[in-house]
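*Asks:* turn this into a model:
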Amino acid sequence: MIIKRKLVRKLKVLAKQYPVVSIYGPRQSGKTTLSKMAFKNYKYINLEDISQRKFAESDPK
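*Replies:* Sure, this is the predicted structure:
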């Protein structure tokens, strides 16, 4: 079960104020879940995937 987090609202406000917002914390603390909840219409890319990382390095757009 996913609990709606209060941080989603705060994250959306910060994303409107700044060009980059960083979410950091320990492994498996819900960072990806939080970002996916806040930005449902954004495409998610995992740069731990070697092919996606190489593509991002070769074409940053």
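
*Asks:* outside of stretch 23-34, which residues touch it?
*Replies:* 2, 5, 7, 8, 11, 35, 44 (CB atoms under 8 Å, 6 or more residues apart in numbering). To be clear about C-beta, it is placed using only N, CA and C from the backbone, and glycine gets the same treatment.

*Asks:* what number of residues lie near the nearest residue to residue 35 once chain neighbours are set aside?
*Replies:* Sequence neighbours aside, residue 23 is the residue nearest to residue 35 in space, at 5.8 Å (criterion: CB to CB, 6 or more residues apart in numbering). Applying other CB atoms under 10 Å, we find 13 residues neighbouring residue 23.

*Asks:* host element of residue 23?
*Replies:* Remark: residue 23 resides in no helix or strand, with elements defined by DSSP states H and E.

*Asks:* residue 14 too?
*Replies:* Secondary structure assigned from DSSP H and E places residue 14 in helix 7-17.

*Asks:* the helices in this protein, which residues?
*Replies:* 7-17, 31-38, 50-58 (DSSP state H).

*Asks:* pLDDT at residue 30, what is it?
*Replies:* We have a pLDDT of 88 for residue 30.

*Asks:* sorry, slip of the keys, the one I care about is residue 3.
*Replies:* For residue 3, pLDDT reads 64.

*Asks:* hang on, the earlier thing: among the helices of the chain, which is the most enclosed?
*Replies:* helix 31-38 (a mean of 15; mean count of other CB atoms under 10 Å).

*Asks:* that one vs helix 7-17, what angle?
*Replies:* Here the directions of helix 31-38 and helix 7-17 differ by 70 degrees (axes from the mean of the first three to the mean of the last three CA atoms, to 10 degrees).

*Asks:* now do helix 31-38: distance to the chain's middle.
*Replies:* 6 Å (CA atoms, centre = their mean, to the nearest Å).
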